[in-house]
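**Q** Just to be clear, the model below is a prediction. Sequence and coordinates:
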Amino acid sequence: MRLETVKTDITVIGGGLAGVCAAVAAARLGHTVALVNNRPVLGGNSSSEVRVWVCGATGHGTHRFARETGIMGEMFVENQYMNPEGNPYYWDMVVHETVKREANIGLYLNTDVHEVEADGDADDRVIRSVTGWMMGSERRIRFESKTYVDCTGDGLVGFLAGAKYRLGREARAEFNEDWAPETPDDITLGSTLLFYTKDVGKPVKYVKPSFAIDITETSIPIRRVIRSGDNGCAYWWIEWGGELDTVHDNERIRDELWAVIYGIWDYIKNSGSFDAESMTLEWVGAVPGKREYRRFVGDYILNQNDILAQEPFEDRVAYGGWSIDLHPPQGVYSQESGSKHLHADGNYHIPFRSLYSINVSNMLMAGRDISATHVAFGTTRVMATCAVIGEAAGTGAALSVQYGISPREVHQHHLEELQQTLLRQDASVLGIRNADSRDLARVARVSASSSTARLAVEHAYRTEAADTDLGILFPVEPSLNGLELLLDIESPASVTVELYATGKPQNYVPQELMDSCTVETAPGKNQWVRFHLEWQPDSAQNAFVIIKAAKGVLLHRSSLPHTGVLGFRKGNQPIVDPRLEDQPDQPVLQWRTEKLDRHPFCFRMHTATDAYSASKVLNGLVRPYGGPNLWRSEPLEGREAWVELSWESAVEVGEVHLTWNDDVNEDLINLHHHRTPFDVIPELVKDYRIELLGADGAWKLVHMEKGNRKRKRVHRLQAGMAAKRMRIVMESTNGSACAELFEIRVYE
C-alpha cells in the first residue's frame, strides 16, 4: 500500500458536472486544485456509466434565451461540434478534456473519499484533510487544503465533517410551500437506471433472466409510455427507491431497477404488441442515477417561493430555469403520473449563501447537496444548473483562498468581487453588469462600420394559420410607433393585436397589456398590414405582440432567424396538480416556440431601433436581458465589419476579451434530446482579427483568428502596445448574415 499526501489550495470531491466546473473555475483563477472522483470517468449522472441528459435552465425549450454560459456553456457548444450524434463516450471525453486542459488541476479518478479529519465544536467545524482509496492502484491518498468543496451529490464529505444537513421533505408550514407535504418525512426522489437498444437487421430472440418482473402484473403498461424505438432518457421514469434510503439501500434499488428494465424489454420483445423482432439490448446501466439525498444547511435555505417569485437575491451567483419537478415516492409502481412540474415565468436566481455550510467554516457545496428545501431542490438538482452552481462555488473557493478567509466572509466582504469575477469568466449572473474597474474598454468611445437600425423580418417562405393566438417578441428601444405584419387574408376579417410588456427582463411571456389595435382587412395575399401600436418604455424592454386568433388569417414566417426576435404559438396549459385548490398560472407552458425558433413571423417596425447599436458591446450585459444586448452589423454580403474602441490618451493593450453570440436560445443537450442542423452555432463569428492603431497612423495586426467556434475568447497579446484606437475586424461568420458581438473587454 502506498501512503501519499497531496497538498493543494482547494480540494473538490466529486467529479460530476458540479465538481468539474468548481475545479476548473478555481484553477483558471490561478489556484491549485485536487479533483477527486470515485468513478473511472467524469460527468456523474451525465457520463457513459449513467447517461442522463444534461438539462438546465432552458427546461427543454420552455424558457427562452436561457442556456447556460461559462464552463457548462463551453462544454455544451464543444459537444455540439465534437459529438453531433450524441455518443455518450465522446461526451465523456469532452468533459475529461475540459479538466485536463487546466494545468492547475490534479485529477484523481477511481478514488473513493471515505475519511474526513475535522475539528471544532458542532457550530464551528473546520476540515483539516480528507482521505481516499484509489481503487486498482492500492494508493491511500490524504488531501490537505485550505478550502474544500463537497460535490459528492450524497454529501458524504460534509456529513463526515459534521456539517448540518437535511434529508427528506419539509413540512408545508415551515417555508409556506404549497408543494410540500403537511407533515415532514424522510421521503426522497428515487434513482434511475437507463438502457439503450439496437436494431441488428435480423431476427434476434430474448430470453428474460429469472429475476425480471412480469410488468403486466403491475401498473407500468397502463401508467407509463412504452415504445419499442425509445431508449435512454425516454425511460427516465424507470425510478424507484424514494421510500428507501437511496444510499444505504443502493444495491437493493439497483437490483429492482434491473428487474424492471429486463421485464420491460421482455414486454417489448415477447408480448407481440411491438415491432421489435430485430432489436436487441445494446447497453444497460449498472450505476443507479441518484436524484436526492442529503441537502446541507447554508446561511440561506432556498425555497419554493424564491423560485416562483424569481427572487433577485443581492448575492445571486447562479441561475436556473428547470421546473420544480417532483416525482411520486413509489416511482415506477406509482398510480400517479411519473412527475409533476411547476414553472416560474422565467429564470430564477441562486444565492451564494446557499453554497457554503452554516457550521463548517471552510466547506462549500455544489450540485444536488446545496442548501435548499426538498421542493426547491426539485429544480436546482438538474445537471446544467448543478454545473453553474459549481462554477460559482469554485470561484467563491478561489477568493476564500486568495484572501485567507471563510466563504461566509467572502459573502460579507467580497460579494461584488465574486460576482464580477464570475462575469469576467463568462458565467452568467442575471442582471448584474460589468463594473470591473480594470477593464479599459469601459472608459473608451465605441463606433462601428454599421449597425442594424431597421428592425424587420422579411424573408417570407411559408405561412401559419392564426387558428390560435400567435405571438411575436422583439426589442423596443427607445420606442414603438406602429408595426406591420405580412398577412394572407382569405376573407374579410378583423385582425386584433395586443401589445404586452414581459415583466422581469429575463421573462418572455406577456405580462402587462400596454396597447391594442384592430384593423379591418380585405382578402389578398402578401399584404403588409399596419397596426398603430405605441409604446415608450422607461428603459429598453422586449415587446410581446399577440395576434388574436382569426379565421382565414395567415401570418408569413421567415426563412431566416433574427437575433432578439421570437415567434410563439399559444396552446393549452396542462393541469399541474389536481390536488391543488388554486392552479398556478404558468404562461410559459401556454406560449411555445416549437418549430418557430429560427423561423419567426414576418414583421417590420416603422421607427429605428437602438437595440443593436455599437454601444451594446460596452453596456455590461453579455446575454439577452430586457433586449438582445449585443451589437449587430448590417448584412455582410462579402464585406468586412468592424467595431472600434478609442481612448483620449494611449492605453497599454495586453489582453483582449471578446464574447461572441452563441445563441443561448438554442437548447443544446449533451446526448441530444434533439438535433440541430448545424455543428457550429451560425451566429458565432468565424474569422476575425484585432488591430491597433500605431503612432505612425497605420493599423497594426496583433491577432488573427480563423475558424472560431467558441463564445468567449481571451487573446493575450505577445507584447503590450500603447494605442489610442483598437478595432475588431470581422471577416465572416459561421452562417449568419450579420456579425454579432456581445462584449469587448481590454486589460493592460
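**A** It's in.
**Q** all strands of the stretch 51-200 of the chain, in order?
**A** Taking DSSP state E, counting those that start in this stretch as the criterion, the stretch 51-200 of the chain carries its strands at 105-108, 111-121, 124-134, 139-144, 147-150, 165-166, 191-192, 195-199.
**Q** Was I right to think residue 741 contacts residue 660?
**A** Yes - counting by Cβ atoms under 8 Å, residue 741 does reach residue 660; the two are 6.1 Å apart. For the C-beta atoms, the positions are set from N, CA and C on the backbone; glycine is no exception.
**Q** Neighbour count for the two, which is higher?
**A** Neighbour count, other Cβ atoms under 10 Å: between residue 741 and residue 660, residue 660 has more, with 26 against 23.
**Q** overlap in contacts of residue 741 and residue 660?
**A** Listed as contacting both residue 741 and residue 660 by Cβ atoms under 8 Å, 6 or more residues apart in numbering are residue 685.
**Q** Could you pull up the residues touching residue 223?
**A** 334-338.
**Q** If we use 10 Å, what do you get?
**A** 237, 332-338 (Cβ atoms under 10 Å, 6 or more residues apart in numbering).
**Q** So which of these belong to strands?
**A** Judged by DSSP state E, strands contain none of the contacts of residue 223.
**Q** Turn the residues you listed into TSV, columns for neighbour count, distance to residue 707 and pLDDT.
**A** As requested, the contacts of residue 223 are arranged in TSV below (neighbours: other Cβ atoms under 10 Å; distance: Cβ to Cβ, whole Å; pLDDT from 0 to 100):
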residue	neighbour count	distance to residue 707	pLDDT
237	19	42	96
332	26	47	96
333	15	52	96
334	20	51	94
335	9	55	90
336	14	51	89
337	14	47	89
338	16	44	91
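**Q** Now do the strands in the stretch 601-748 of the chain.
**A** Ranges of strands within the stretch 601-748 of the chain are 603-605, 631-632, 641-660, 685-693, 699-705, 712-733, 740-747, based on DSSP E, counting those that start in this stretch.
**Q** looking at those, which is buried most?
**A** strand 631-632 (a mean of 28; mean count of other Cβ atoms under 10 Å).
**Q** what is the mean pLDDT for that strand?
**A** Strand 631-632 comes out with an average pLDDT of 98.
**Q** Same question for stretch 294-312.
**A** 98.
**Q** can you pull the buried residues of that stretch?
**A** Using 16 or more other Cβ atoms under 10 Å as the test for burial, stretch 294-312 gives 294-304, 306-308, 310.
**Q** And that stretch, how far out from the chain middle?
**A** Put simply, stretch 294-312 sits 18 Å off its chain's centre (Cα atoms, centre = their mean, to the nearest Å).
**Q** Can you pull out the low-pLDDT segments for the protein?
**A** The model of the chain has pLDDT under 70 over residues 574-583, 720.
**Q** which stretches of it form helices?
**A** Shown for the chain, the helices assigned by DSSP state H span residues 17-28, 70-82, 88-100, 156-161, 172-175, 220-223, 250-270, 304-309, 374-380, 383-403, 407-413, 415-424, 587-590.
**Q** Would you tell me which of those gets closest to residue 700?
**A** helix 415-424 (26.3 Å; Cβ to Cβ).
**Q** Can you give me the buried ones in the closest one?
**A** Result for helix 415-424 [16+ other Cβ under 10 Å]: buried residues 415, 418-424.
**Q** Mind giving me the packing neighbours of that helix?
**A** Helices and strands touching helix 415-424, as assessed by 3 or more Cβ pairs under 10 Å, 6 or more residues apart in numbering; DSSP states H and E, comprise strand 316-320, helix 383-403, helix 407-413, strand 740-747.
**Q** If we use 8 Å, what do you get?
**A** strand 316-320, helix 383-403 (3 or more Cβ pairs under 8 Å, 6 or more residues apart in numbering; DSSP states H and E).
**Q** got the ones you listed as a markdown table, with distance to residue 732 columns?
**A** Formatted as a markdown table, the helices and strands packed on helix 415-424 follow (distance: least, Cβ to Cβ, whole Å):
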| stretch | distance to residue 732 |
| --- | --- |
| strand 316-320 | 33 |
| helix 383-403 | 30 |
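**Q** Residue 50 is nearest to which of those?
**A** Of the helices and strands packed on helix 415-424, nearest to residue 50 by Cβ to Cβ is helix 383-403, at 10.4 Å.
**Q** what angle sits between that closest one and strand 316-320?
**A** Angle of helix 383-403 versus strand 316-320, following axes from the mean of the first three to the mean of the last three Cα atoms, to 10 degrees, is 170 degrees.
**Q** and helix 383-403, C-alpha only, in CSV?
**A** Backbone C-alpha positions of helix 383-403 (Å, rounded to 0.1, in the frame of the first residue of the first chain) are rendered in CSV as follows:
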residue,chain,number,x,y,z
MET,A,383,-27.1,18.9,-14.0
ALA,A,384,-26.6,22.1,-16.0
THR,A,385,-27.9,24.0,-13.0
CYS,A,386,-25.6,22.0,-10.8
ALA,A,387,-22.8,22.9,-13.1
VAL,A,388,-23.3,26.7,-12.9
ILE,A,389,-23.6,26.4,-9.2
GLY,A,390,-20.3,24.5,-9.3
GLU,A,391,-18.6,27.3,-11.1
ALA,A,392,-19.9,29.8,-8.6
ALA,A,393,-18.8,27.7,-5.7
GLY,A,394,-15.3,27.1,-7.2
THR,A,395,-15.0,30.9,-7.8
GLY,A,396,-16.0,31.5,-4.2
ALA,A,397,-13.5,28.9,-3.0
ALA,A,398,-10.8,30.7,-5.0
LEU,A,399,-11.5,34.0,-3.4
SER,A,400,-11.6,32.3,0.0
VAL,A,401,-8.1,31.0,-0.5
GLN,A,402,-6.9,34.2,-2.1
TYR,A,403,-7.8,36.3,1.0
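**Q** how about it: buried residues?
**A** Using 16+ other Cβ under 10 Å, the residues of helix 383-403 that count as buried are 383-402.
**Q** That helix: how far from the chain's middle?
**A** 16 Å.
**Q** now stretch 1-9
**A** 35 Å.
**Q** any residues touching that stretch, and which ones?
**A** Against stretch 1-9 from outside (Cβ under 8 Å, 6+ apart): 26, 31-34, 106, 108, 137-147, 398, 401.
**Q** One more pass at 7 Å, please.
**A** Applying Cβ atoms under 7 Å, 6 or more residues apart in numbering, the contact partners of stretch 1-9 are 31-34, 106, 138-146, 401.
**Q** Stretch 524-535 now?
**A** Against stretch 524-535 from outside (Cβ under 7 Å, 6+ apart): 476, 479-489, 495, 497, 499, 514-515, 517, 519, 521, 543.
**Q** So which bits of it are buried?
**A** 529, 531, 533, 535.
**Q** Then stretch 152-165?
**A** Neighbour-count burial for stretch 152-165 [16+ other Cβ under 10 Å]: 152-165.
**Q** Which of those residues sits closest to residue 133?
**A** Closest to residue 133, out of all of these and judged by Cβ to Cβ, is residue 156, at 13.3 Å.
**Q** ok, now how distant is the closest one from residue 248?
**A** 12 Å (Cβ to Cβ, to the nearest Å).
**Q** on that earlier part again, out of the helices and strands packed on helix 415-424, nearest to residue 122?
**A** Going by Cβ to Cβ, the one of those nearest residue 122 is helix 383-403, 21.8 Å.
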